[in-house]
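Novice: sharing a model prediction with you, sequence too.
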Amino acid sequence: MLYRVVRRALFATPPEAAHSLALAAVRAFPWHPFRDRSTPTGRAIEIMGLQIPNRVGLAAGFDKNAVAIDGLFALGFGHIEVGTVTPRPQAGNPQPRLFRVPERAALINRMGFPNDGAERIVARIKARRGAQTLGVNIGKNATTPVERAVDDYIACLRAVHEVSDYITVNVSSPNTKGLRALQDTQNLEPLLTALLDEAHRLEKAHSRRVPLLVKLAPDLTDDELRDIAALLGSLPLGGVIATNTTISHASLESLRHANEPGGVSGAPLHPRSLEVVRTLRRELRPTTTLIGVGGIMSAADAEAMRTAGADLIQIYTGLIYRGPRLVKELAAALS
């Protein structure tokens with residue numbers, strides 16, 4: 001009931017402004033009214049060498065600058081992923097760049113990795129009070145040519161290694177020009193090999209292993225997914241996150257904002273995300289962690305993602321439309 005009132009006010013505000021207000025409120029009041037004051041819902045699991053209290057996580061993009069980690073964990077998440085973080089600060093794409101499509105419980109975004117840069121974000125992570133499982137999602141700056149992308153990813157990896165429990169390589173956002181070309185296996189193999197080599201060097205130097213994951217797009221064909229899975233099977237990656245937003249707007253035809261460029265998230269993405277997770281689960285090693293994300297709006301959606309083969313799930317748009325109660329509902333369903 002409380003969130004329905006809050007959502008009405010937030011939805012009367014432009015989406016990006018509303019998002020900033022919500023993050024500011026959670027940051028200012030980490031012991032906020034939505035906090036789960038009971039013991040964590042769900043059953044703790046060990047995955048990628050990490051102890052996680054439940055299977056429900058917050059996807060990257062919600063807290064890009066790591067400004068509200070403690071408050072967000074108070075909602076009951078088992079893990080949170082911040083970012084996407086780039087080596088240097090950048091403003092992202094021009095506003096407006098975030099749009100609601102409430103008729104489909106969807107969002108369209110063309111944010112373009114706006115963030116404060118690795119140095120400032122790492123400082124904020126170091127200042128957090130809790131010690132729950134935190135992932136950091138890394139990418140390249142918009143001004144960095146795709147052929148030099150590996151330099152940005154390695155710089156980010158070095159910067160965030162000490163404050164991350166796992167690191168996600170984002171090669172699947174549709175809102176940075178040329179980024180998705182890195183999913184081509186001819187580009188992906190040298191990128192991941194270089195990052196894994198650097199991660200191994202950092203592990204030896206700091207006696208600390210940080211799993212490396214890669215996040216894929218839902219718009220890849222099944223053949224492309226199988227090729228990528230074969231490549232990933234030959235590398236010591238920690239896991240895969242499926243999926244990012246989709247460039248397909250077919251489900252939004254005739255609705256307001258349907259023609260706005262950008263990636264679609266929310267309920268329309270769920271069927272394709274399920275298909276991608278099923279395909280990857282068949283092709284990947286059983287020990288490879290698979291995190292399912294995309295349009296999870298209910299316990300039934302979460303259970304379907306688990307049945308498809310996801311070890312963990314993440315939400316973003318569902319939190320905006322359903323509110324904090326969704327976190328506990330999903331954790332209970334997957335316990």
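Specialist: Structure's in. What do you need? Numbering: from 1, shown residues only.

Novice: from here on, just use CA atoms for contacts and neighbour counts.
Specialist: OK.

Novice: against Pro96, how distant is Pro14?
Specialist: Distance from Pro14 to Pro96, counting by C-alpha to C-alpha, to the nearest Å: 9 Å.

Novice: can you check Ile80 too?
Specialist: Counting by C-alpha to C-alpha, the gap from Ile80 to Pro96 is 26 Å.

Novice: likewise Lys64?
Specialist: In this view, Lys64 and Pro96 are 17 Å apart by C-alpha to C-alpha.

Novice: who's more crowded, these two?
Specialist: Neighbour totals were compared for Lys64 and Pro96, and Lys64 leads with 21 against 12 (other C-alpha atoms under 10 Å).

Novice: the more buried one and Ile138: what is the separation?
Specialist: Distance of Lys64 to Ile138, given as C-alpha to C-alpha: 10 Å.

Novice: ok, Asp197 next?
Specialist: When Asp197 is compared with Ile138 (using C-alpha to C-alpha), they lie 16 Å apart.

Novice: give me the common contacts of Lys64 and Ile138.
Specialist: Common neighbours of Lys64 and Ile138 (criterion: C-alpha atoms under 8 Å, 6 or more residues apart in numbering): 83-85.

Novice: hmm, back to that, ok, Asp197 and Ile138, which is more surrounded?
Specialist: A count of neighbours by other C-alpha under 10 Å puts Ile138 above the other of Asp197 and Ile138, at 28 against 12.

Novice: quick one: average pLDDT of the host helix or strand of Arg158?
Specialist: Using DSSP states H and E, Arg158 maps to helix 149-160. Across helix 149-160, pLDDT averages out at 98.

Novice: and Pro33, what's its pLDDT?
Specialist: At Pro33, the predicted lDDT confidence score is 50.

Novice: sorry, that was for Pro30
Specialist: At Pro30, pLDDT is 56.

Novice: for the stretch 51-200 of the chain, what spans make up the helices?
Specialist: For the stretch 51-200 of the chain, the helices defined by DSSP state H, counting those that start in this stretch occupy 69-73, 118-126, 149-160, 185-206.

Novice: deepest-packed of the ones you listed, please.
Specialist: Comparing the helices of the stretch 51-200 of the chain by mean neighbour count (mean count of other C-alpha atoms under 10 Å), helix 69-73 ranks first with a mean of 23.

Novice: what helices or strands is that one leaning on?
Specialist: Here helix 69-73 touches helix 15-28, strand 79-85, going by 3 or more C-alpha pairs under 8 Å, 6 or more residues apart in numbering; DSSP states H and E.

Novice: so which of the ones you listed is the most packed in?
Specialist: Burial of the helices and strands packed on helix 69-73 is given as mean neighbour count (mean count of other C-alpha under 10 Å); strand 79-85 ranks first at a mean of 27.
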